[in-house]
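Novice: Next one to model:
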Amino acid sequence: MPKPVLVVGAGPVGLTMAAELARHGVPVRLVDRLPARDGQSRALAIWARTLELLDIAGCADAFMAAGLRARTLDIHAGRTVLARIAFGAIASPFACLLMLAQPDTERLLEDHLRTLGGHIERGVELTDFVDTGTGVTCTLRHDSGEVETMDAAWLIGCDGAHSLVRRTLGLAFTGATLPTRFILADAHVTGLPTAPDALAMFWHPDGAAMFFPVPGGRYRIIADVGPASVHAPDLRAVQTIVNRRGPGGVTVSDPVWLSAFGVNERRVRDYRAGRVFVAGDAAHVHSPAGGQGMNTGMQDAFNLAWKLALVERGQAGPALLDSYGIERGAVARQVLSDSGRVTRIVLLRNPLARLLRALVVRGVSGLPVIRHMVAAHLSEIMVAYPGSPLNMGDAAGLRGPRPGQRFAPARGHAGAHSPCLTLAATDHDAARALVARHAGLLSPHIRPPPDPRGMWLLRPDGYVAATARADRPQVIDRALERIRAGAPPHRDSGPVAG
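Specialist: Residues are numbered from 1 along each chain as shown. The predicted model follows:
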């Protein structure tokens, strides 16, 4: 019987990882040291690209039914609207920002995992591990006091910013802590002069106040409070900030969560050491600006799971796994850079800098192309892997995405339960010959191409692995053979396109 993969941490990233491995037929154990789900609603935002991947996994409908679909981001100075970014312009079947409390995200992912035959082992803590070269010997402590030694095929640390897996590996978590602290309140809000499906940010000389609608008629309020050490605020402190920075006439009541937090911007350089990986907050943490954190972590899971499944099934060489850190490390660098830049713009205190900020935002947001670009960038549909060692071919002269770019999905196009790649091509003899020659690795279902003159090889996570002109199927053939053999080592990729 094959050894299972051990996933540590049952937050959104660990749940996504375990569910994707199970969907691809890989034995998996998911453990979490907590005896029950944490009820605090840390992450709220699920962007279009993550919803597309959940759709491939077959569970996006449940998320869409449970969440609140935010339609715009409005930036205000008092009652003046400086900019409005419409999410309906996102070129995706999921043209919105889905607002959903993290406990509900975890519940839906756990439900999905159960349908695939998996479950969470709660009250089980990883205390140590040793990579033996052919597996990972893991020491688990159960809340009953039992100590278990298990042999895992691979170990994946999805165990958060204080990751034991990362620390045991000795991976440096380089970066900095921002000097500014923030307060947070989940509460009912009345008198806010914005649409109920709009995110609202109010700029003031004292700082910013942000309002994020969530299901149940509540809002999350976040405000920066300077460098002083701040404990969780009371309702009066939150109301005082809202009165001063907001548009006036806004009342905050019935808080369900009050907290204070700081922001770290850190990442690992290496996502893998032998048979051990890190993902999500164990690999990267950053400012909550843009709501990218949980999405980036879940997309780590979608990236790694299909590659690990191919290797475990003997359909790809283990060098394929090196592409995980190359691809996702480049994404993390870009997310840290972008979120840090946005945070520093929001936190401007210099009066001249704030005036310039307002003028620039109002001016450029009047251009539709800029508004659409901002929405697309926030939604993560622009995330790409231009430096991936898996890329092959060239789409020059063809209408459609290039290698490493996202292939526009069709709504409800659920992926296979085996980690197959897919061909997008006109259904002709050459395409059918490729499917026959790579049975088991290439899906028998051929998708329509964006340009009948070309062929596209699509990865299980919806990105393009290779492109070729229709009269050059040997390029696709070589790309599939490279995946079977395992991609060669590759230097760290450059910035992510988008």
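Novice: Strands along the stretch 151-300 of the chain, start to end?
Specialist: 154-157, 174-177, 182-190, 198-204, 207-214, 218-224, 251-261, 264-267, 272-273, 276-278, 284-285 (DSSP state E, counting those that start in this stretch).
Novice: The third one: how far from the chain's middle?
Specialist: Here the centre of strand 182-190 is set off from its chain's centre by 25 Å, with C-alpha atoms, centre = their mean, to the nearest Å.
Novice: Give me the mean pLDDT for that strand.
Specialist: The average of the pLDDT scores along strand 182-190 is 95.
Novice: So what are the sheet partners of that strand and their directions?
Specialist: strand 218-224 (antiparallel), strand 251-261 (antiparallel) (DSSP bridges).
Novice: and what of the first one?
Specialist: When sheet partners are counted by DSSP bridges, strand 154-157 sits next to strand 5-8 (parallel), strand 276-278 (parallel).
Novice: Then the last one?
Specialist: The pairing partners recorded for strand 284-285 under DSSP bridges are strand 264-267 (antiparallel).
Novice: Render the CA-only coordinates of the partner strand in CSV, please.
Specialist: Coordinates of each C-alpha in strand 264-267 appear next as CSV, following Å, rounded to 0.1, in the frame of the first residue of the first chain:
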residue,chain,number,x,y,z
ASN,A,264,4.9,41.3,8.4
GLU,A,265,6.3,41.1,4.9
ARG,A,266,8.4,37.9,4.7
ARG,A,267,9.0,35.0,2.4
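Novice: which residue ranges form the strands in the stretch 351-498 of the chain?
Specialist: Counting by DSSP E, counting those that start in this stretch, one finds strands in the stretch 351-498 of the chain at the ranges 392-393, 422-424, 454-458, 464-469.
Novice: if you average pLDDT over the last one, what comes out?
Specialist: This means strand 464-469. Averaged across strand 464-469, pLDDT comes to 96.
Novice: Distance from that strand to the middle of the chain?
Specialist: On C-alpha atoms, centre = their mean, the centre of strand 464-469 falls 25 Å from the chain's centre.
Novice: helices or strands up against it?
Specialist: Secondary-structure packing of strand 464-469 (3 or more C-beta pairs under 8 Å, 6 or more residues apart in numbering; DSSP states H and E): strand 392-393, strand 454-458, helix 473-485. Bear in mind the C-beta positions are built from the backbone N, C-alpha and C, glycine included.
Novice: One more: the first one?
Specialist: Using 3+ C-beta pairs under 8 Å, 6+ apart as the contact criterion, the secondary-structure elements in contact with strand 392-393 are strand 464-469, helix 473-485.
Novice: any residues touching that strand, and which ones?
Specialist: With C-beta atoms under 8 Å, 6 or more residues apart in numbering as the test, strand 392-393 has contacts from P403, L457, A465, A466, T467, A468, V475, I476, R478, A479, R482.
Novice: Just the buried ones from those residues, in PyMOL syntax?
Specialist: Typed into PyMOL, the line below selects the buried ones among the contacts of strand 392-393, using 16 or more other C-beta atoms under 10 Å:
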select buried, resi 403+457+465+466+467+468+475+476+479+482
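Novice: Could you export the contacts of strand 392-393 to CSV, including columns for distance to A89?
Specialist: Listed next are the contacts of strand 392-393 as CSV, based on distance: C-beta to C-beta, whole Å:
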residue, distance to A89
P403, 26
L457, 29
A465, 28
A466, 30
T467, 27
A468, 32
V475, 34
I476, 33
R478, 38
A479, 33
R482, 37
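Novice: so which of the contacts of strand 392-393 would you say is closest to N243?
Specialist: Ranked by distance to N243 (C-beta to C-beta), these are led by P403 at 53.1 Å.
Novice: Run through the neighbouring helices and strands of the longest helix along the chain.
Specialist: The helix that spans the most residues within the chain, counting by DSSP state H, is helix 322-346. Applying 3+ C-beta pairs under 8 Å, 6+ apart, one finds that helix 322-346 contacts strand 264-267, strand 272-273, strand 284-285, helix 293-312.
Novice: redo that, cut-off 7 Å
Specialist: Packed against helix 322-346, as judged by 3 or more C-beta pairs under 7 Å, 6 or more residues apart in numbering; DSSP states H and E, are the following elements: strand 264-267, helix 293-312.
Novice: what angle sits between that helix and strand 218-224?
Specialist: Following axes from the mean of the first three to the mean of the last three C-alpha atoms, to 10 degrees, one obtains 80 degrees for the angle between helix 322-346 and strand 218-224.
Novice: Helix 322-346 - what's its average pLDDT?
Specialist: What helix 322-346 shows for mean pLDDT is 91.
Novice: and it, how far out from the chain's middle?
Specialist: From the chain centre to the centre of helix 322-346 is a distance of 11 Å (C-alpha atoms, centre = their mean).
Novice: quick one, it and helix 293-312 angle?
Specialist: Put simply, helix 322-346 runs at 180 degrees to helix 293-312, going by the same axes, to 10 degrees.
Novice: and the angle for helix 322-346 with helix 473-485?
Specialist: Going by the same axes, to 10 degrees, helix 322-346 makes 100 degrees with helix 473-485.
Novice: Need the winner for burial among the strands paired with strand 182-190.
Specialist: Mean neighbours per residue, mean count of other C-beta atoms under 10 Å, is largest over the strands paired with strand 182-190 for strand 218-224, with a mean of 22.
Novice: Pull the residues that contact that one.
Specialist: With C-beta atoms under 7 Å, 6 or more residues apart in numbering as the test, strand 218-224 has contacts from 44, 180, 182-189, 207-214, 238, 241-242, 245, 252, 347.
Novice: that older thread, any chance of a markdown table for the strands paired with strand 182-190, columns distance to A36?
Specialist: Converted to a markdown table, those look like this (distance: least, C-beta to C-beta, whole Å):
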| stretch | distance to A36 |
| --- | --- |
| strand 218-224 | 22 |
| strand 251-261 | 17 |
